[in-house]
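1. Fold the following for me, if possible:
(chains A and B)
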Amino acid sequence: MKKVFIGFMIISAVLLTTMLVYAAKPGFDDQEIRIGQWGPQTGPAAPWGSVARGSKLLFDIVNEEGGIHGRKIRYFIRDDQYNPSQTMAGVRDLVDRQGVLAFVGGVGTAPGVAVQRYLQQNKIIWVGVCTGAKSFHVPHNPYLWNMWPAYDDDASVIAKFLVEKKKFKKIGMLYQNDDYGLDSMAGAKIRLKKYNMELVAAVPVEPIERDLTSQVARLKSAGAEAIIGYVAPTQAAIALRNAVSVGFHPQWIHSYNLTDYVLMNTITDGLWAKEGVMTSAFTEDIFANTPLQVKYRAAAKRLAPTERWGIFYAAGIIVAEPLVYALKKVGRNLSTEALKNELDKVTNFQGIGPKLTWRADNHRPPRALRIWQSGPKAEVIVLQDWTENELSTY
Amino acid sequence: MPFGQLLIDGLAMGACYGLFGLAVVIIYKTSEVLNFAAGEMAMFSTFVAFHVLVIYGCPFWLAFIVALVFAAILGVAIEYFFLRPAKNPTLIGLIVITIGAQMLLMGLASWKWGAEQKQFSIPVSYKVTYEPIPGFIISEWAAAVFIVAAVIMTFLYFFFQHTKLGTAMRATQQNKHAAKIMGIKTDRVFAFAWAFSSVIGVTAAMLLSAKTILDPGFMMEPFLRAFAAAVLGGLMSIPGVLIGGFIMGLIENFFGYVWPAWKPITAFVVIVLVLCVRPSGLFAKHYVKKV
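-> The predicted structure is shown next:
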């Protein structure tokens, strides 16, 4: 019995030591820097999974060019199926077992909320969570740097455009019944109040709903001339189809999450372009011929030929760009604190995403947004250039 | 309130729910197994139609026939390879197997066709509309749904009432062992029920995806509604399932219009209330199995 007990103690000690060694991994060594991301590679939200794969493209380009100060980037993707409990499992695996230095991106408000506290407690660098929900900006998290404009800023800029530039008097809203939709509705209401206006109808949608007949009927009978949409691509497409099928043709304008005009035009049977749907945007057009866009598109053809060059894929590059920039700035003497200091000093950095400036006490995302409209061939037409929400209160 | 529009669209969507419900009920009537893979079987077969239509560029009617044949084979295959090998299975065990099949089909569809949304078109369009009475706008798509539902219902009525196979299916459901003694090849009956259910499912799924979107998850929510419609109408009553679908579509549309925030749960609340009064559903006779 005593021998069994001693054996058990030895095995426990070995296992504990191994775990501590893994837990103590600083996220890099002389050869590699470990970076992670979660995202829905399968399941109902899988179209957004290309964000995580887009980041891989940038890391592959960096590695092809020799890495960063002699270290290659080792990149891990964990499929969370847009399920917060699986996000937590994947993140814990990457932090505790693989020992990552930083996370980039991470699709979705609910998955992000699930791991936000854990990552902060473990002092893990996290750049560019893919949501504009306010809970990621307020209160300040010293280890999270935001890139997705706040949804209330976004909706405020959209409402201002509709009233001041397009002179709409009756504005309705179709919103997803969670932080994504509720934050944006608050922003739109504050803006409209400035003009002594109110939403003529605000209709909620659940993320998995496939029949939006009653929602569209409600917006139609409220006489909405323009509808602000904060929904997922599927619901936006179904709502548009429903509206057309009952002869309802308002001006649709959606959040920046629906700027993949090629995809949207395909799944709306060409209605996206025909109805001239508008969106806000916080990036350059991903089909623009800027040197960086051309470089990335060529690399995507070479390194990821099966991937479609769409906004979600490009978003993966956008969230990874400032991290790569900061890692290059840090130099060979890498540490979490050194990387954090460099990210805190980012000033007017711009890749293919928005222009970024962060400070030690301010990691909030950019406030400037543009307004785009789909042209007849689903191409981007810029209706309004960078505009800030001057009503932003934080 | 746009009464006419809500009524027609509610009935059309309800007809789709009713058809999906039929796919569930046909298997349930034969073997008392609740097939949780019914939605994904329909989704997968719709992707086959999409593949033939878009990738191979074939005409719609060919894609439609290929999808029906594929759906029948898929139904038989799932019954033969997944359910039949189970040794002395309990009903719960069989239901769990169907959940496994559901996950497998969704994974396979994501792997083969990707998770991104697809456009699936059929010859009848939701964009072409008629207004025979002011305020009652009906699209070609809605008209097609009503016609398909009516044809399938009529066919099922004659099939179950006036054909040997239909009678054999009813007999198998009531007492599998007695049916065997009477010379009914119950294994064949089960296989046929799965094929039949799968064909009805894909017909409805093609109609629905033409109005909404095609992606590997597109049947998840409609299947839940259809299942609820089947329970509401009565899992043993074929006309009851279709009427349950209509009620579900109408409740969703009218309540969804008045109280949009409560739309997702309203229908289920009504179902719970109905089942408190009539546990077998609105149209099924309360049936106690003798042992």
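2. Any idea how many residues pack against residue 26?
-> As the question left the chain open, I've gone with chain A. As a burial measure, residue A:26 scores 11 neighbours (other CB atoms under 10 Å in any protein chain shown). The C-beta positions use only the backbone N, C-alpha and C, and glycine is treated the same way.
3. Let me rephrase: I mean chain B.
-> 29.
4. Settle this for me: it is touching residue B:198, isn't it.
-> No. In this structure, residue B:26 is not within contact of residue B:198 by CB atoms under 8 Å, at 9.4 Å.
5. Need the pLDDT of residue A:353.
-> At residue A:353, the pLDDT value in this model is 88.
6. wait, what's in contact with the closest residue to residue B:189 other than its chain neighbours?
-> In this structure, residue B:189 finds its nearest non-sequential neighbour in residue B:172, 4.7 Å apart by CB to CB, 6 or more residues apart in numbering or on different chains. Residue B:172 makes contacts with B:30-31, B:179, B:184, B:186, B:189-190, as judged by CB atoms under 8 Å, 6 or more residues apart in numbering or on different chains.
7. If we use 6 Å, what do you get?
-> Counting by CB atoms under 6 Å, 6 or more residues apart in numbering or on different chains, residue B:172 makes contact with B:30, B:179, B:186, B:189.
8. Ok, residue A:120 next?
-> By CB under 6 Å, 6+ apart, the neighbours of residue A:120 are A:141, A:143.
9. Secondary structure element for it, which one?
-> Using DSSP states H and E, residue A:120 sits in helix A:109-121.
10. again, but for residue B:204
-> Using DSSP H and E, residue B:204 falls in helix B:186-211.
11. Now that helix: average pLDDT?
-> Computed over helix B:186-211, the average pLDDT equals 92.
12. list the helices and strands that helix packs on?
-> Contact here means 3 or more CB pairs under 6 Å, 6 or more residues apart in numbering or on different chains; DSSP states H and E; on that basis helix B:186-211 packs against helix B:3-31, helix B:38-50, helix B:60-78, helix B:164-174, helix B:176-181.
13. Only alpha carbons, please: show the next helix or strand after it as PDB.
-> As assigned by DSSP H and E, the chain's next helix or strand after helix B:186-211 is helix B:220-233. Output of helix B:220-233 as PDB, limited to C-alpha atoms (Å, rounded to 0.1, in the frame of the first residue of the first chain):
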ATOM      1  CA  MET B 220     -32.300  24.000 -37.900                       C
ATOM      2  CA  GLU B 221     -34.900  26.600 -37.000                       C
ATOM      3  CA  PRO B 222     -37.600  25.500 -39.500                       C
ATOM      4  CA  PHE B 223     -37.200  21.900 -38.200                       C
ATOM      5  CA  LEU B 224     -37.900  23.000 -34.700                       C
ATOM      6  CA  ARG B 225     -41.100  24.800 -35.800                       C
ATOM      7  CA  ALA B 226     -42.100  21.800 -37.900                       C
ATOM      8  CA  PHE B 227     -41.600  19.500 -35.000                       C
ATOM      9  CA  ALA B 228     -43.700  21.800 -32.800                       C
ATOM     10  CA  ALA B 229     -46.400  21.900 -35.500                       C
ATOM     11  CA  ALA B 230     -46.400  18.100 -35.600                       C
ATOM     12  CA  VAL B 231     -46.800  17.900 -31.900                       C
ATOM     13  CA  LEU B 232     -49.500  20.500 -32.000                       C
ATOM     14  CA  GLY B 233     -51.500  18.800 -34.700                       C
END
